[in-house]
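Undergrad: model the following, please.
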Amino acid sequence: MREQRKVLVGRVLSNRMDKTVVVEIRQRKRHRLYGKVINIRKRFKAHDEDNACQIGDLVKMIEFKVEFIINLCIWFQIISV
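TA: Numbers count the residues shown, from 1 in each chain. Next up is the predicted model:
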């Protein structure tokens with residue numbers, strides 16, 4: 001049986017590279033032992049075939065297999081500008 005793929009929502013930070021954008025995902029998690037809320041930021045490089053994304057766009061990403069070491073191939077959809 002195929003695993004469920006993660007769906008992440010984030011903002012575009014950079015679109016300087018050709019056909020690639022940098023997307024930041026922000027999450028808030030509670031520490032298991034101490035209960036303090038921790039802000040977690042992760043940055044992903046996503047493939048943008050049409051160079052359609054601009055800085056600040058909200059995108060929804062679905063993870064899938066990495067094809068290149070530098071460019072993580074993540075399918076995404078622009079939610080809002």
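
Undergrad: buried set for stretch 47-60?
TA: Neighbour counts over stretch 47-60 (16 or more other CB atoms under 10 Å) mark Asp48, Cys53, Asp57, Val59 as buried. The C-beta positions use only the backbone N, C-alpha and C, and glycine is treated the same way.

Undergrad: what ranges do the helices span in the chain?
TA: With DSSP state H, there are no helices along the chain.

Undergrad: strands of that one, start to end?
TA: For the chain, applying DSSP state E gives strands covering 7-14, 20-30, 37-47, 58-63, 74-80.

Undergrad: quick one on the thing from earlier: need the max-distance pair from the buried residues of stretch 47-60.
TA: With CB to CB as the measure, no two of the buried residues of stretch 47-60 lie farther apart than Asp48 and Asp57, at 10.1 Å.

Undergrad: follow-up on the earlier one: specify which member of the buried residues of stretch 47-60 is nearest to Lys6.
TA: Nearest to Lys6 among these, with distances taken as CB to CB, is Val59, at 14.0 Å.

Undergrad: Lys6 - nearest residue in space that isn't next to it in sequence?
TA: Glu63 (4.9 Å; CB to CB, 6 or more residues apart in numbering).
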